[in-house]
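Q: here is my input; please provide its structure:
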Amino acid sequence: MAEVFEVTDEVKAQYGVEGPPWTYEATTTSIRMYARGIGSVDPIHYDVDFAKSQGFRSIVAPLGYIGTPTFHPDTNDGTFGFPRRAGGGARLNLPTKGLLDGGTETEYLDYICAGDMLVETSSLADVRVRGNMVFVTNEAVYKNQESGKVVAKQRLTSIHIG
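A: Below is the predicted model:
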């Protein structure tokens, strides 16, 4: 059995603290591959000319795809691809051994098209303890790097098991 974890004032003080920004890119190849992977045959995800004829900048990312985190070997984690923590953002030293995906809720506020570069910032939103499980919820905001417009918001929950 894992140690007992408490949601202390120190943990609560980390709520809302923004971590370092991460850059995501949406490319024609990545959008097409994601669309194929989910079984979409809508030409808006494949044909640039068709998408433009419908008023979009380029092919449109299907729901569920926000882009691919850009990877730099010197600054990103080799396992998950996200930037290594150089500072900022919440750090919880959880005394748990297992990890489960507790779900992701995404609110789309604009279209994501091939060629878009997005900047994602996230912060700790909530930590709850239930028995030997710790539920950690993070909130993320994705902005189009060129326009500065928020294109999506997410709430991501992870379940850490003792």
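
Q: ok, the residue lying closest to T27 once chain neighbours are set aside to N76 distance?
A: Nearest non-adjacent residue to T27, counting by C-beta to C-beta, 6 or more residues apart in numbering: A114, 5.9 Å away. All C-beta spots, glycine's among them, are computed from the backbone N, C-alpha and C. Using C-beta to C-beta, to the nearest Å, A114 is found at 22 Å from N76.

Q: higher neighbour count, the two?
A: A114 (22 against 16; other C-beta atoms under 10 Å).

Q: who's in contact with the top helix by length along the chain?
A: In the chain, taking DSSP state H as the definition, the longest helix is helix 28-38. The contact list for helix 28-38 (C-beta atoms under 8 Å, 6 or more residues apart in numbering) reads 42, 45-46, 48, 58-62, 64-65, 67-68, 114-115.

Q: mind redoing it with 6 Å?
A: The set of residues external to helix 28-38 that reach it, using C-beta atoms under 6 Å, 6 or more residues apart in numbering, is H45, Y46, I59, A61, P62, Y65, T68, A114.

Q: likewise stretch 122-141?
A: 2, 5, 7, 11, 14-19, 90, 94, 120-121, 150, 153-162.

Q: ok, which stretches of this protein are helices?
A: Ranges of helices in the chain, per DSSP H, are 9-12, 28-38, 48-53.

Q: could I have the CA atoms of stretch 145-162 written out in PDB?
A: Taking Å, rounded to 0.1, in the frame of the first residue of the first chain, the C-alpha atoms of stretch 145-162 are listed here in PDB:
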ATOM      1  CA  GLN A 145       0.400  31.300 -32.500                       C
ATOM      2  CA  GLU A 146      -0.200  33.600 -35.400                       C
ATOM      3  CA  SER A 147      -3.600  35.100 -34.400                       C
ATOM      4  CA  GLY A 148      -3.400  34.600 -30.700                       C
ATOM      5  CA  LYS A 149      -6.900  33.200 -30.700                       C
ATOM      6  CA  VAL A 150      -7.800  30.400 -28.300                       C
ATOM      7  CA  VAL A 151      -8.800  27.400 -30.400                       C
ATOM      8  CA  ALA A 152      -9.300  24.800 -27.700                       C
ATOM      9  CA  LYS A 153      -9.500  24.200 -24.000                       C
ATOM     10  CA  GLN A 154      -9.000  20.800 -22.300                       C
ATOM     11  CA  ARG A 155      -9.500  19.300 -18.800                       C
ATOM     12  CA  LEU A 156      -7.300  16.200 -18.400                       C
ATOM     13  CA  THR A 157      -7.600  13.900 -15.500                       C
ATOM     14  CA  SER A 158      -5.100  11.300 -14.400                       C
ATOM     15  CA  ILE A 159      -5.700   8.700 -11.700                       C
ATOM     16  CA  HIS A 160      -2.700   7.700  -9.600                       C
ATOM     17  CA  ILE A 161      -3.100   4.400  -7.800                       C
ATOM     18  CA  GLY A 162      -1.300   3.300  -4.600                       C
END
